[in-house]
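Student: Prediction below, plus the sequence it came from.
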Amino acid sequence: MKFTHESNTKLPPVVLEVDSKPVFYIGPATRDNPMSQIRTKLLGNVYFNDSKIKWTRITLHFTGKAGLNIHAPSSSLPSDVVNSQSDLQESSSATTHLETTVTLCDVEKELIFTHEKVIDFGFYLPPYLPPSIRTKHAFVEYSLSVVCSSSGAFSKKQKVEKPVTVCRHYLPSPSSLIPSVEYHGVREWFEWSAEVPKATAIEAGEIVMALRWSVEKELVEVDRVEFCIEELETYRFSTKAGVHNLPPMVTQFPSTVYHPPTFSNSSETHFIRTPIPLVATKRVPKTIRTHHFDPFLEISHRVKLQIHFIASTTTAHPLELEFPIIITDFPPNTTADYFVDPLSPVQSVSTISDSSMISLPPTSASAPPTTIQPGGDEVPCVDLDLPEYTPRYESVATTSSTTVVPP
């Protein structure tokens, strides 16, 4: 008996292939986002391996679901949720089990069977989808399925399903201009101002902020500044009374220490920097995640400063400051090769340099820019001050200049 390769490897009647390129959006998952006008398309192919079957109906089905499964402290829940669990045994304990699943989207598209072996398709996705994610307590996942059915005495129905990963980026390219937010405040003998970028990409490798201060040196001096990143994982749910946020799970990454020069004055700008942990190590077992927002989970970030003083005649406690920041990544097929003109009189800030204090020369408003921006001549400006580009931070005002006066 002669065995052939075809007899041993029988292909399924229908095969669904989804393009390996990631499906991504620019900006937040809201209908107010101006970038939502750019329609995202999912590409793929449907292969028909049995020429004897005449398919009469071919339907693509794209679905998305979000779920929550967490034991929340009863003290952090609204009374209507706790009272609704009065008949359960767990209501008498310190925690309440919250579990639910919602449908994010359910879209269909019909394909016409042309008796060809393969059909190429492009599936337009809704513009407001949150990105895919799976944590210990929540998930967002998508899938694409094709359902093929035939009519007749020997009707058949075939269904094939594939997972789909959806990404969302808050910066369109490395050439995006990122504005900064200015904060300032006074505490007795210490006056400070800070410029914090609205967003940063993990491809930069670090977060850099500018800090200036003025201090009565007869009383105190700045000893050191500790700078770190904090990641907030906040779960939430909705009831008839509104949206309720559970206490955030805060992860603090290791801080870096900046020692100001011995001879410095209030006109100098101190560039404080801290690395973005992208690789897990023994010292930093957890890596950072990009900004995320979906019906049950928000992952946000903030930078934390702790300014320590040296005082001879008074008691000077450390000053703690916190500022929100969006940590994101660039879409695929973009590079972050920043290039600065070496002849430029403006001192550049390197992401690898050990120098942390730079005095910038004064520049006139009419002078042409001498820094060559990455990405060529066309530099798209992303206005992160717009509401659609600014996640909601309840503790920080959304104005471009905010005064923070610590207690």
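Tutor: Done, it's in. Since the structure is predicted, the reported quantities are computational estimates derived from the model, not experimental observations.
Student: how far away is Ile38 from Leu144?
Tutor: 20 Å (CB to CB, to the nearest Å). Just so you know, the C-beta spots here come from the backbone N, C-alpha and C atoms, and that holds for glycine as well.
Student: So between those two, which is more surrounded?
Tutor: A count of neighbours by other CB atoms under 10 Å puts Leu144 above the other of Ile38 and Leu144, at 22 against 12.
Student: Quick check: which element contains that one?
Tutor: Following DSSP states H and E, one finds Leu144 within strand 138-149.
Student: May I see the buried residues of that strand?
Tutor: Within strand 138-149, the residues that qualify as buried by neighbour count (16 or more other CB atoms under 10 Å) are 138-142, 144, 146-148.
Student: same deal with stretch 239-256?
Tutor: 244, 246, 248, 251, 253, 255-256.
Student: Then stretch 55-71?
Tutor: Neighbour counts over stretch 55-71 (16+ other CB under 10 Å) mark 55, 58, 60-64, 66-68, 70 as buried.
Student: Now for the buried residues of stretch 239-256: which two are most distant?
Tutor: His244 and Thr256 (35.9 Å; CB to CB).
Student: dump the residue contacts of Leu211.
Tutor: 192-195, 225, 269-272, 305 (CB atoms under 8 Å, 6 or more residues apart in numbering).
Student: would JSON lines of those residues with neighbour count be doable?
Tutor: Putting the contacts of Leu211 into JSON lines (neighbours: other CB atoms under 10 Å) gives the following:
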{"residue": "Trp192", "neighbour count": "22"}
{"residue": "Ser193", "neighbour count": "18"}
{"residue": "Ala194", "neighbour count": "22"}
{"residue": "Glu195", "neighbour count": "18"}
{"residue": "Val225", "neighbour count": "23"}
{"residue": "Thr269", "neighbour count": "13"}
{"residue": "His270", "neighbour count": "20"}
{"residue": "Phe271", "neighbour count": "18"}
{"residue": "Ile272", "neighbour count": "23"}
{"residue": "Leu305", "neighbour count": "23"}
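Student: Tell me which of those fall in strands.
Tutor: Among those, the subset assigned to strands under DSSP state E consists of 192-195, 225, 269-272, 305.
Student: how about the residues you listed in CSV, adding distance to Val164 and pLDDT?
Tutor: Shown next, in CSV, are the ones in strands among the contacts of Leu211 (distance: CB to CB, whole Å; pLDDT from 0 to 100):
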residue, distance to Val164, pLDDT
Trp192, 47, 94
Ser193, 46, 95
Ala194, 41, 95
Glu195, 40, 96
Val225, 45, 95
Thr269, 46, 91
His270, 46, 94
Phe271, 42, 94
Ile272, 41, 95
Leu305, 41, 96
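Student: Next, the contact list for the residue nearest to the spatial centre of the chain, please.
Tutor: Nearest to the mean C-alpha position of the chain, counting by CA atoms, centre = their mean, stands His291 at 2.0 Å. Contacts for His291 (CB under 8 Å, 6+ apart) come out as 170, 299-301, 326-328, 391.
Student: Mind checking which of those residues are in strands?
Tutor: Those of those lying in strands (DSSP E): 299-301, 326-328.
Student: Which stretches in the protein count as helices?
Tutor: Taking DSSP state H as the test, the helices found in the chain are 5-8, 79-84.
Student: for the shortest one, what is the average pLDDT?
Tutor: If you average the pLDDT over helix 5-8, you get 48.
Student: same check, this time on the last one
Tutor: In this model, helix 79-84 has a mean pLDDT of 62.
Student: tell me how far the ends of stretch 32-47 are from each other?
Tutor: With CA to CA, to the nearest Å as the measure, stretch 32-47 spans 38 Å from end to end.
Student: Of the contacts of Leu211, which is the nearest to Glu182?
Tutor: Closest approach to Glu182 among these (CB to CB): Glu195, at 5.4 Å.
Student: hang on, that closest one packs against Glu182?
Tutor: Yes: Glu195 lies in contact with Glu182 (CB atoms under 8 Å); the separation is 5.4 Å.
Student: Wait, Pro332 touches Pro22, no?
Tutor: Yes: using CB under 8 Å, Pro332 is in contact with Pro22, at 5.8 Å.
Student: hang on, Thr290 packs against Thr328?
Tutor: Yes: Thr290 lies in contact with Thr328 (CB under 8 Å); the separation is 5.0 Å.
Student: which residues do the two both contact?
Tutor: With CB under 8 Å, 6+ apart, Thr290 and Thr328 have common neighbours Ile202.
Student: Count the residues that sit near Val160.
Tutor: 17.
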